[in-house]
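Colleague: Here is my input, please return the structure:
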Amino acid sequence: MSTGMIIALIVIVAAVVVVAAVLMKRAKGPHGGRDLKRRFGPEYDRTVARHDGDAKAAERELTERVERHGSLRERPLDASRREQYEARWTAAQERFVDAPREAVAEADRLIAELAAERGFPDGGQYEEQLAALSVHHAHHVHGYRHVHRVARVGAGGQDGDRSDTEEMREAMVEARALFEELTSSTRHRGASAGRAERGDEVATDGDMRAGGHQENRGHLPWAVNRRHAKGS
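Modeller: Model prediction:
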């Protein structure tokens with residue numbers, strides 16, 4: 001084979017490779033965006049907003065998260081450990097009545113510890129842990145972000161302001177959805193997500209009546225009446 005034919009073949013092969021790469025990129029672009037939006041849900045919109053509406057930049061960030069954490073496999077949580085975490089969460093909820101800032105700080109710590117036990121990055125690497133959680137629990141990770149922010153802002157503060165107390169209450173409610181997913185078995189996750197999406201947030205006064213049974217997980221004992229929150 002002559003040198004000229006070899007060069008021509010190389011050029012043809014290179015052209016084919018370039019064309020194939022372009023076609024693959026075009027095919028992947030829209031589908032990749034749709035897949036990311038479906039996978040991340042509200043986290044997709046939040047990331048786009050953080051990038052000032054630049055969807056491509058947001059998708060690059062989310063794709064990078066999937067590449068880093070998509071292969072993570074959550075470790076199982078045995079029944080005794082689940083009960084311990086649920087007892088601590090219930091205690092934090094009850095503490096909210098008199099010490100909302102302490103309760104929020106405890107909720108933040110609980111989620112960090114629980115996520116680490118389930119196989120996510122350690123809570124000391126908050127941003128990395130949050131990124132990993134967003135890949136596997138995108139629809140509820142905002143609750144962790146909210147309670148962590150409120151806990152940090154409130155550190156060393158004084159309880160009593162009504163608006164601050166209400167935000168702390170909302171942070172606890174939102175964080176509970178992720179806590180429930182992390183403590184639930186796989187077969188129960190769908191029901192937990194459904195409750196959160198329907199807005200089944202807190203117990204009513206009827207749930208707290210004497211002699212009534214209240215499920216520890218899924219209801220906040222500081223009921224929807226805001227008069228129960230200190231400073232209201």
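
Colleague: Can you give me the distance of residue 95 to residue 168?
Modeller: 12 Å (CB to CB, to the nearest Å). No exception for glycine: its C-beta is placed from N, CA and C like everyone else's.

Colleague: intersection of neighbour lists for those two?
Modeller: Common contact partners of residue 95 and residue 168 (CB atoms under 8 Å, 6 or more residues apart in numbering): residue 103.

Colleague: Between the two, tell me which one has more neighbours.
Modeller: residue 168 (26 against 18; other CB atoms under 10 Å).

Colleague: and that one, how far is that from residue 15?
Modeller: For residue 168, the distance to residue 15 - CB to CB - is 62 Å.

Colleague: same thing with residue 145?
Modeller: For residue 145, the distance to residue 15 - CB to CB - is 48 Å.

Colleague: more neighbours, these two?
Modeller: residue 145 (19 against 10).

Colleague: okay, now the domains of this protein?
Modeller: As assigned by automatic domain parsing, the chain contains the domains 3-69, 79-228.

Colleague: looking at those domains, which one has the lowest mean pLDDT?
Modeller: Mean pLDDT values for the domains of the chain show the minimum at domain 79-228, a mean of 76.

Colleague: Around residue 54, how many other residues sit close by?
Modeller: 14.

Colleague: which residues touch it?
Modeller: residue 48 are the contacts of residue 54 under CB under 8 Å, 6+ apart.

Colleague: For the protein, which segments are assigned as helices?
Modeller: 3-40, 42-50, 55-69, 79-95, 100-117, 126-136, 141-154, 162-183, 186-198 (DSSP state H).
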